[in-house]
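Asker: Here is a sequence together with a model predicted from it:
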Number of protein chains: 2
Amino acid sequence: MLGRLNHVALAVPDLTAAVAAYRNTLGAHVAEPLALPEHGVTVVFVDVGNTKIELLEPLGEGSPIAAFLEKSPSGGMHHLCYEVEDILAARDQLKAAGARVLGDGNPKLGAHGKPVLFLHPKDFFGTLIELEQS
Amino acid sequence: MLGRLNHVALAVPDLTAAVAAYRNTLGAHVAEPLALPEHGVTVVFVDVGNTKIELLEPLGEGSPIAAFLEKSPSGGMHHLCYEVEDILAARDQLKAAGARVLGDGNPKLGAHGKPVLFLHPKDFFGTLIELEQS
């Protein structure tokens, strides 16, 4: 079921500083910031060739990464996103195996405009897993 | 400088349970456990096609992931490893830019038998970064 790693999401408190660190210090290919108010984040994609790093800064009220940054004010690794061929089949298989799907269990449109689901980190050893329809 | 994402390392308290979750629940390609006493971990590689997930369980006294698991007993995302073409040139460039290299600043042989370095997570927004000579 689990396909390729679409991205690693890192929550950062200061996107401008993070962009400077990835672009200048690490010499990575860093795109321009993209505000996604409907997702409560501003995102910057870092292209590392075989996958992407997504730098996420909270945007607006009730950002889904606000609580994470309250707990870890310097930032940190937030989630891993894997591609799946059929997100509804993946969901049903995971639920049958006892894994918890966050929210109401129905896929939402993610930051790439594709259906996504999140799995409870307690079922996967503290790692928040996003599944994205490929 | 920053090359492809070689792996994402996840610290887990129970490798047998983690292998079962990745193999059976997530349907991933999971290799057999590999004890690396010189690195203080037992590792399991999960091949997701474009990169690898490394599940790490402490092995022996003074494991480098023991403190992490004391703070996060259920486990969690531990570090990201990127490939670099020339690890000494990368180190010198990073140090010149003010980034801190952990340890004595000299590359050590990592879990894949290649020279590696770790960068201070405080310089990269809470993410521990490993660089591996490609």
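Answerer: Nice, thanks for sending it over. These numbers were taken from a predicted model, which means no experiment stands behind them. Numbers count the residues shown, from 1 in each chain, chains lettered A, B, ... in the order given.
Asker: Kindly provide the distance from residue A:96 to residue A:90.
Answerer: In this view, residue A:96 and residue A:90 are 11 Å apart by Cβ to Cβ, to the nearest Å. The way it works is simple: take the backbone N, C-alpha and C, and place the C-beta from them, glycine included.
Asker: Tell me which of those two has more neighbours.
Answerer: Taking neighbours as other Cβ atoms under 10 Å in any protein chain shown, residue A:96 and residue A:90 compare with residue A:90 leading, 24 against 9.
Asker: Parallel or antiparallel, which strands does the lowest-mean-pLDDT helix or strand in chain A pair with?
Answerer: One helix or strand of chain A scores below all others by mean pLDDT, DSSP states H and E: strand A:108-109, with a mean of 92. According to DSSP bridges, strand A:108-109 forms sheet pairs with strand A:115-119 (antiparallel).
Asker: After the partner strand, which helix or strand is next?
Answerer: The C-terminal neighbour of strand A:115-119 among helices and strands, as given by DSSP states H and E, is strand A:129-133.
Asker: who's in contact with that following strand?
Answerer: The contact list for strand A:129-133 (Cβ atoms under 8 Å, 6 or more residues apart in numbering or on different chains) reads A:6, A:9, A:79-87, A:90-91, A:107, A:110, A:112, A:114-119, A:121, B:26.
Asker: Give me the buried subset of those residues.
Answerer: A:6, A:9, A:79-84, A:87, A:90-91, A:107, A:110, A:115-119, A:121, B:26 (16 or more other Cβ atoms under 10 Å in any protein chain shown).
Asker: what about the biggest helix by length in chain A and chain B, touching?
Answerer: Secondary structure assigned by DSSP state H gives helix A:87-96 as the longest helix of chain A. Yes. Applying Cβ under 8 Å from any Cβ of the partner chain, one finds helix A:87-96 touching chain B at A:93-94.
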